[in-house]
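A.B. asks: give me a model of this one.
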Amino acid sequence: MKRSQDSVSSPPKSSNHKKAKVAPNQVVHHANTAREDHSTGDGEWTRVEKRKAKKNKKVEAKHDALMPRFMYVNGEIVKRKDAVHINDVRDLILHIVADAPPPNWVKVEHPRSIEKVVALLIPGILPSTFHACPTRAPGDQTRMYSVLSEFFQCQVTPQEKAKRQAQRASITPALYMLTLKEMIENEYPVPSYMADVFEKEVSEESLLLLPADKLESKIYAIDCEMCLTEDGKELTRVCMIDYESGIVVYDKLVKPPKPVTDYMTKWSGITESLLASATTTVAEVQAQIMPILAPKEWTDIHSSRGADSGHDPEEDARACIDLLRAKLRYGPSYGDVWGGQAGRGGPGSVRSVVVDHGNPGVMHGSKASSNVPCTSDEEVLNGLLQAIPAHEFAFGRFTGVADALGWLTTKATAAETPVVTPAEPSPIVLANAQATLNNQLVTLYTSLPARTALIIFTGHSDPRRMASLNARKSAFESCY
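C.D. replies: Numbers count the residues shown, from 1 in each chain. Below is the predicted model of the structure:
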């Protein structure tokens, strides 16, 4: 696991209380910076930037405190009849990048803190030169199956499909409810019924500490629009939508207590003529909403920046509901941010690249976001160095050691004379290939961004004996 470095900063995140508008396929940073301080002058811009820098440091410190770790589950590995298979390695990667169920042979602490995964297939690495968990490549008594096919292709059985559907169905909106600690850390207003949280221990019956099955809550999405008065920001409109039915349960224009100095129409959609008819005060809005939001119900509060011509707060509240539904469908990481880009969890949301010998784009890399064809391990290294920053998952294959061992043989035919006993490689050639590989891995590792998981697996052992036997078998069958 690549740890954080002083020179590596986390993606900038806004520290404003209001959240950016998030559609299911889009994440917007800094959406409220202009909305909050666009009319307050350069001094306010400086203050906002300082607050953002402070927030970034807190986020970085939180990531460092939750540094991911990989730990073998020795009991599970020991009781297995076979070693870890290639599909187990694949499922581990899917767990990290796509919220697949966790594997049972390895435990990953804080997988959500992992921002990138780099998987390297390096045939030719032997137990005598590399200490690792034993793996078993695919095949049977007469054939060695393709490691690439086993790694990149996943046939889902009906039982596994039903299992995944059941796991997905068990995820409820309560999973995304902030805990009290998270609310405080992210500077959210603490509910009035928990106002004493700073003075004494939180009651076990507090809403935020109740298990999901006891909440029995309704969910609402709220969008609030603001204007500026001489006292600062004031509420001008509230829209609230029920999550289950999609019905607008409350939508009111609100009369500010002081004359408006800026309607913030560009962001709020509020105009002088529109607000002229408003008679409801903030106190009246609170009195009307509170009976709906009883303590046994919880709310997803959302607001966002609109277009230049303003926007409808109902659209923003519905966008919030759409995002929540997408998270329930595709997993907790849908819509998250990896390296400043829209994140993982939904179809096509993980940007992947395959860097390999030959033309991976027409083979195992056909479904990847990008492909880098190579003719040497040096090109593979350079391709990975260039591609990793822009992708959440990267695959590469180094074949130099396998080539030095004589493992990269062409498929024998019945007309060819098979080699029964493979020749031993030259120690000097093998040592040079291993040294080259070591330098390439060191170069790659030192260039990885912080919180990148590097996973290396080897595939088959020496394939020449099996190739020789198959050639003899083919020759026998062609004669008889």
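
A.B. asks: pLDDT weak spots in the stretch 201-350 of the chain?
C.D. replies: Low-confidence segments of the stretch 201-350 of the chain (pLDDT under 70): 201-217, 294-311, 331-349.

A.B. asks: run a quick neighbour tally on residue 364.
C.D. replies: Residue 364 has 21 neighbouring residues, counting by other C-beta atoms under 10 Å. For glycine as for every other residue, the C-beta is placed from the backbone atoms N, C-alpha and C.

A.B. asks: roughly how far apart are it and residue 149?
C.D. replies: 7 Å (C-beta to C-beta, to the nearest Å).

A.B. asks: what of residue 467?
C.D. replies: Residue 467 sits 18 Å away from residue 149, taking C-beta to C-beta as the criterion.

A.B. asks: neighbour-wise, which of these two wins?
C.D. replies: Higher neighbour count among residue 467 and residue 149: residue 467, with 19 against 12, using other C-beta under 10 Å.

A.B. asks: is it fair to say the more buried one lies in a helix?
C.D. replies: Yes - secondary structure of residue 467 (DSSP: H, G, I helix; E, B strand; the rest coil): part of a helix.

A.B. asks: residue boundaries of the helices in the stretch 301-450 of the chain?
C.D. replies: For the stretch 301-450 of the chain, the helices defined by DSSP state H, counting those that start in this stretch occupy 313-330, 377-387, 400-404, 427-447.

A.B. asks: of those helices, which is nearest residue 57?
C.D. replies: Counting by C-beta to C-beta, residue 57 lies closest to helix 427-447 out of those; the figure is 24.3 Å.

A.B. asks: buried set for the next helix or strand after that closest one?
C.D. replies: Reading on from helix 427-447 to the C-terminus, the next helix or strand found by DSSP states H and E is strand 452-457. Buried residues in strand 452-457, counting neighbours by 16 or more other C-beta atoms under 10 Å, are found at 452-455, 457.

A.B. asks: quick one: mean pLDDT over strand 452-457.
C.D. replies: Taken as a whole, strand 452-457 has a mean pLDDT of 93.

A.B. asks: now do it: which elements does it pack against?
C.D. replies: With contacts taken as 3 or more C-beta pairs under 8 Å, 6 or more residues apart in numbering; DSSP states H and E, strand 452-457 sits against helix 86-98, strand 116-121.

A.B. asks: in JSON lines, list those along with mean pLDDT, distance to residue 402 and mean neighbour count.
C.D. replies: JSON lines is the format used below for the helices and strands packed on strand 452-457 (pLDDT from 0 to 100; distance: least, C-beta to C-beta, whole Å; neighbours: other C-beta atoms under 10 Å):
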{"stretch": "helix 86-98", "mean pLDDT": "89", "distance to residue 402": "16", "mean neighbour count": "20"}
{"stretch": "strand 116-121", "mean pLDDT": "95", "distance to residue 402": "10", "mean neighbour count": "22"}
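
A.B. asks: out of the ones you listed, nearest to residue 108?
C.D. replies: It's helix 86-98; of those, that one is closest to residue 108 (C-beta to C-beta) at 6.7 Å.

A.B. asks: show me which positions of the helix or strand following the closest one end up buried.
C.D. replies: Note on helix 86-98: by DSSP H and E, the next helix or strand toward the C-terminus is strand 106-109. Residues of strand 106-109 classed as buried by neighbour count (16+ other C-beta under 10 Å): 106, 108.

A.B. asks: neighbouring contacts of strand 106-109?
C.D. replies: Applying C-beta atoms under 8 Å, 6 or more residues apart in numbering, the contact partners of strand 106-109 are 68-73, 92, 95-96, 102, 114.

A.B. asks: quick revisit: make TSV from the helices of the stretch 301-450 of the chain and add distance to residue 264 to it.
C.D. replies: Below are these laid out as TSV (distance: least, C-beta to C-beta, whole Å):
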stretch	distance to residue 264
helix 313-330	13
helix 377-387	42
helix 400-404	61
helix 427-447	45
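
A.B. asks: make a markdown table out of the helices and strands packed on strand 452-457 and add distance to residue 1.
C.D. replies: Formatted as a markdown table, these follow (distance: least, C-beta to C-beta, whole Å):
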| stretch | distance to residue 1 |
| --- | --- |
| helix 86-98 | 11 |
| strand 116-121 | 10 |
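
A.B. asks: returning to that earlier point: got a quick ChimeraX command for the buried subset of the contacts of strand 106-109?
C.D. replies: Filtering those down to the buried ones (16+ other C-beta under 10 Å) takes a single ChimeraX command:
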select :68,92,95,96,114
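
A.B. asks: which of the contacts of strand 106-109 sits closest to residue 439?
C.D. replies: Of all the contacts of strand 106-109, residue 70 has the smallest distance to residue 439: 24.5 Å, by C-beta to C-beta.

A.B. asks: these two touch, right, that closest one and residue 1?
C.D. replies: Yes - in this structure residue 70 lies within contact range of residue 1 using C-beta atoms under 8 Å: 6.8 Å.

A.B. asks: intersection of neighbour lists for those two?
C.D. replies: Counting by C-beta under 8 Å, 6+ apart, the residues touching both residue 70 and residue 1 are residue 453.

A.B. asks: where along the stretch 1-150 of the chain do the strands fall?
C.D. replies: 69-72, 84-85, 106-109, 116-121, 135-136 (DSSP state E, counting those that start in this stretch).

A.B. asks: so which of those strands is nearest residue 220?
C.D. replies: Using C-beta to C-beta, the nearest of these to residue 220 is strand 106-109, at 34.5 Å.

A.B. asks: related to what we said a few turns ago, dump the strands of the stretch 1-150 of the chain into CSV; add distance to residue 330 as well.
C.D. replies: Shown next, in CSV, are those (distance: least, C-beta to C-beta, whole Å):
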stretch, distance to residue 330
strand 69-72, 25
strand 84-85, 27
strand 106-109, 20
strand 116-121, 18
strand 135-136, 30
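
A.B. asks: nearest to residue 355, out of these?
C.D. replies: strand 116-121 (9.7 Å).

A.B. asks: quick one: strands adjacent to that closest one?
C.D. replies: Note on strand 116-121: by DSSP bridges, its sheet partners are strand 393-397 (parallel), strand 452-457 (parallel).

A.B. asks: okay if I get those as JSON lines plus distance to residue 223?
C.D. replies: Putting the strands paired with strand 116-121 into JSON lines (distance: least, C-beta to C-beta, whole Å) gives the following:
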{"stretch": "strand 393-397", "distance to residue 223": "35"}
{"stretch": "strand 452-457", "distance to residue 223": "37"}
